[in-house]
Each structure stands twice: as C-alpha cells, then as structure tokens.
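Colleague: 3D, please:
(chains A and B)
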Amino acid sequence: GQNIDQPTEMTATEGAIVQINCTYQTSGFNGLFWYQQHAGEAPTFLSYNVLDGLEEKGRFSSFLSRSKGYSYLLLKELQMKDSASYLCAARGGDNNDMRFGAGTRLTVKP
Amino acid sequence: ETGVTQSPTHLIKTRGQQVTLRCSSQSGHNTVSWYQQALGQGPQFIFQYYREEENGRGNFPPRFSGLQFPNYSSELNVNALELDDSALYLCASSLHLVIGRGTGELFFGEGSRLTVL
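Modeller: Numbering: from 1, shown residues only, chains lettered A, B, ... in the order given. Purely as a prediction, here's the structure:
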C-alpha cells in the first residue's frame, strides 16, 4: 500500500522561508511530487524528485531521501500569493499510480 | 496544445441517482487518472486508465466505474449516489511512464464539483 503524511497547517511571514515536510511509504517508488492548490482551483505541478538530493526551481526547492522515505518543499522569500495548500504525492505501487497526502495549508501573513 | 478539460463544472444530484463526468486529456497524453477531493482534504485516487483499460484502482466501491476511449478521453460514472459522494472530482492526464523518459507528472483539469442532496 501507499501512505503519505504531511502537516495539516503551517503559518509563516511574508519574506520568510518555510519548509513543508512529507513522509511516504510506497512499494515500487517511482517519484515524489509536490503540487500547489489554491482554494477552488486545480492542483498545479511544482516539483519532482526521483533521486536523492535537492532540486531547485526559483524560489521553490524540493529535497528527497529515498532511504528515509522523506521529502520536503522549501519556499523562500514568501509572498502573500503563496498562501495555498501544498500536496505531497508519490508515484509507485503495482500500477505506478500517484497517491496524494492530505495537503498542508500554508497561510502567509504580512 | 490543449489542456485537460472536464465537464460539467458543477452539478447537483439527489441520493440514488447516477452521474457521468467527462474528461478530455491533454494532447499527446495516453493515461487518465480520476481523483475525488472532499473539502479540506487531499485528492483520493479512484482509478487510472491506460490503453482503454483500468490500470490501478483505489479504495472505492464498484459503483464507481470508468471508461477510456480511443482518443484517450475518459468518463467517470457513479451509480446509486450517496451524500458522501459530494466532492470535487478531478481528472488528470499524463504520459504512461517509461523508465528514463519523462516524470509521469499529472496535469489536472479544473474539476467537476458534485453536490448530492
């Protein structure tokens, strides 16, 4: 089976840095994904990791440790528009499908 | 390049009725996945279709069924609707993952919001 855990809510200040953690368990692991979802909208792709290490993409970075079943999403120079839910997802299992965590609702305050 | 489109965007049904939701995948994508997202929750995997066959299913009862057509578009059918079926239904398309090629990233439609009364 597949199991993905992430914190329910986080709050941070505009201009700061925030790290959203995710732990996962999946057989046949084939990639860890982060998506952003604003209220009432569809999820949009942020990042992908399949090998250990850090992937950087502008203000967003994502890290993966396969041996620990652990990933984090790092958001730098927070802006008000970054207030959203951040979904951690893992691809794997018998059919290589993608399963999501419950999402972390991030609130950025002035 | 057209993105993923879903219809209808909103609909209201009563308990016991049946519903069909439709999805057109992004150009060039051959795999469609359906998710149910309740308010404040993450997307729950319903099933995935590849080559017109179900290729993976989450923990949903048989009254949730689907189809994929030769043009890769897809339908989600839900029979005997229950109040708890009220949710946003998301369709996502992707390329069937081949090791060493692509990421298998999902591209989502805007969803169909179903309310069951």
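Colleague: near chain A at all, the helix or strand of chain B at the bottom of the mean pLDDT ranking?
Modeller: Using mean pLDDT, DSSP states H and E, the weakest-scoring helix or strand in chain B turns out to be strand B:53-57, at a mean of 92. Yes. Using CB under 8 Å from any CB of the partner chain, we find that strand B:53-57 touches chain A at B:Asn55, B:Gly56. Bear in mind the C-beta positions are built from the backbone N, C-alpha and C, glycine included.
Colleague: Up against chain B, what does chain A have?
Modeller: By the rule CB under 8 Å from any CB, the part of chain A lying against chain B is A:30-31, A:33, A:35, A:41-45, A:48, A:50, A:87, A:89, A:91, A:93-103, A:105.
Colleague: Among those residues, name the buried ones.
Modeller: Buried by 16 or more other CB atoms under 10 Å in any protein chain shown: A:30-31, A:33, A:35, A:42-43, A:48, A:50, A:87, A:89, A:91, A:93, A:96-103, A:105, out of those.
Colleague: For chain B, which residue gets nearest to chain A?
Modeller: B:Gly56 (3.0 Å; CB to the nearest CB).
Colleague: contacting residues for that residue?
Modeller: A:Gly93, A:Asp94, A:Asn95, A:Asn96, A:Asp97, B:Phe45, B:Phe47, B:Gln48 (CB atoms under 8 Å, 6 or more residues apart in numbering or on different chains).
Colleague: Specify the beta-bridge partners of the fifth one.
Modeller: In other words, A:Asp97. With DSSP bridges applied, the residues forming beta bridges to A:Asp97 are A:Gly92.
Colleague: Look up how far A:Glu9 lies from the spatially most central residue of chain B.
Modeller: Nearest to the geometric centre of chain B sits B:Trp34, at 2.5 Å (CA atoms, centre = their mean). Per CB to CB, to the nearest Å, B:Trp34 is found 27 Å from A:Glu9.
Colleague: pLDDT at the nearest residue to B:Ser74 once chain neighbours are set aside, what is it?
Modeller: Residue nearest to B:Ser74 in three dimensions, not counting chain neighbours: B:Val32, with 4.1 Å by CB to CB, 6 or more residues apart in numbering or on different chains. On the pLDDT scale, B:Val32 is placed at 94.
Colleague: Tell me the strands beside the helix or strand hosting B:Val32, with direction?
Modeller: Element membership of B:Val32, judged by DSSP states H and E, is strand B:31-37. In the sheet, strand B:31-37 lines up against strand B:44-50 (antiparallel), strand B:87-94 (antiparallel) (DSSP bridges).
Colleague: Single out the most deeply packed of those.
Modeller: Among those, strand B:87-94 has the highest mean neighbour count (mean count of other CB atoms under 10 Å in any protein chain shown), at a mean of 24.
Colleague: Contacts for the helix or strand that that strand is followed by, please.
Modeller: Sequence order places strand B:107-108 as the next helix or strand after strand B:87-94, per DSSP H and E. Contact partners of strand B:107-108, identified using CB under 8 Å, 6+ apart, comprise A:42-45, B:3-4, B:26, B:29, B:90-94.
Colleague: again, only using 10 Å
Modeller: Outside strand B:107-108, the residues within contact range by CB atoms under 10 Å, 6 or more residues apart in numbering or on different chains are A:35, A:37, A:41-45, B:3-4, B:6, B:25-26, B:29, B:33, B:35, B:43, B:90-95.
Colleague: Describe which strands it pairs with in its sheet and in which direction.
Modeller: strand B:87-94 (antiparallel).
Colleague: No further questions, thank you.
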